[in-house]
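Asker: Pasting the sequence and the predicted coordinates here, then a few questions.
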Amino acid sequence: MADEDNLNRWERAALRPPELWNFEAMPLPPMARPRWLRRLPHVLIGYGALTLAILGSDELVNQFRVHGQYGIPLGVATAAVVGYAMRRPLAAWWMSLGIAALTAFAVGGQLPGGQPWPWTVPGVIANAAVLFLVALRVRTRIAVKALVVTVGVGFVFDVFGLAMPPYNSSAATAAIV
């Protein structure tokens, strides 16, 4: 009897999609009170995303010298993911990781003086905001897995020097990203 229960549990686990691949809608609920401020969190996140789009595009084009054809869309996409995270946080988190990798490859060896990684400050802020929105909407275990994967991606970029010229590498830089 115990073997049948374990088998059923393992069969159910095999049929269930992995937790980080759950792209169903988990919308950010409005505030309950006061009624006239119900959508304040949504408006603030929207204004924050707009600010990140402007600052991210500016930093990519002017400091990292990414051509405007790629710099502006990457800056806007980085910020748009924050708005998308209000509706589908895990899908937005995967998109955020992909856009961060694209940004790193677009920047390539054009790092401004003293910058040890190829990510923009608004990009890191956007990724942190998406992780925060993920943590608000999913179980703690899933949020920790998302954080570990994010740090792992930064670690891989740091250790293997992907999309970057060689520099004095450190694992602490990957932990910051």
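Answerer: Right, received. Where do you want to start? Given the structure is predicted, the values throughout are model-derived calculations rather than measurements.
Asker: so where's the chain shaky on pLDDT?
Answerer: For the chain, the stretches with pLDDT under 70 are 1-17, 109-110, 112-116, 118, 161-177.
Asker: Helices of that one, residue ranges please.
Answerer: Using DSSP state H, the helices of the chain run over 2-15, 40-58, 68-84, 89-107, 121-137, 140-160, 171-176.
Asker: Run the chain-centre distance for the fourth one.
Answerer: Here helix 89-107 shows a centroid-to-chain-centroid distance of 6 Å under the convention CA atoms, centre = their mean, to the nearest Å.
Asker: what's that helix packed up against?
Answerer: For helix 89-107, the packing partners by 3 or more CB pairs under 8 Å, 6 or more residues apart in numbering; DSSP states H and E come out as helix 68-84, helix 121-137, helix 140-160. Heads up, the C-betas are built off the backbone N, CA and C, glycines and all.
Asker: Among these, which comes closest to M26?
Answerer: Closest approach to M26 among the helices and strands packed on helix 89-107 is made by helix 121-137 (4.3 Å; CB to CB).
Asker: what's that closest one packed up against?
Answerer: Here helix 121-137 touches helix 40-58, helix 68-84, helix 89-107, helix 140-160, going by 3+ CB pairs under 8 Å, 6+ apart.
Asker: excluding its backbone neighbours, what's nearest L90?
Answerer: N22 (5.5 Å; CB to CB, 6 or more residues apart in numbering).
Asker: who's in contact with stretch 73-81?
Answerer: 49-61, 66, 92, 95-96, 99-100, 102-103, 106, 120, 122-123, 126, 130 (CB atoms under 8 Å, 6 or more residues apart in numbering).
Asker: try it again with 6 Å
Answerer: 49, 52-53, 56-57, 60, 92, 95-96, 99, 103, 123, 126, 130 (CB atoms under 6 Å, 6 or more residues apart in numbering).
Asker: Next: stretch 95-108.
Answerer: Residues external to stretch 95-108 that are found in contact with it (CB under 6 Å, 6+ apart): 64, 66, 70, 74, 77-78, 81, 118, 123, 127, 130, 153, 157, 163.
Asker: Mind exporting the C-alpha coordinates of that stretch to CSV?
Answerer: This file holds the C-alpha atoms of stretch 95-108, laid out as CSV (Å, rounded to 0.1, in the frame of the first residue of the first chain):
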residue,chain,number,x,y,z
MET,A,95,12.0,37.4,-19.7
SER,A,96,14.0,39.6,-17.3
LEU,A,97,16.8,37.0,-17.3
GLY,A,98,16.7,36.8,-21.1
ILE,A,99,16.8,40.5,-21.6
ALA,A,100,19.7,40.8,-19.1
ALA,A,101,21.7,38.2,-21.1
LEU,A,102,20.9,40.1,-24.3
THR,A,103,22.0,43.3,-22.8
ALA,A,104,25.3,41.7,-21.7
PHE,A,105,25.9,40.4,-25.2
ALA,A,106,24.9,43.8,-26.8
VAL,A,107,27.3,45.6,-24.5
GLY,A,108,30.1,43.2,-25.2
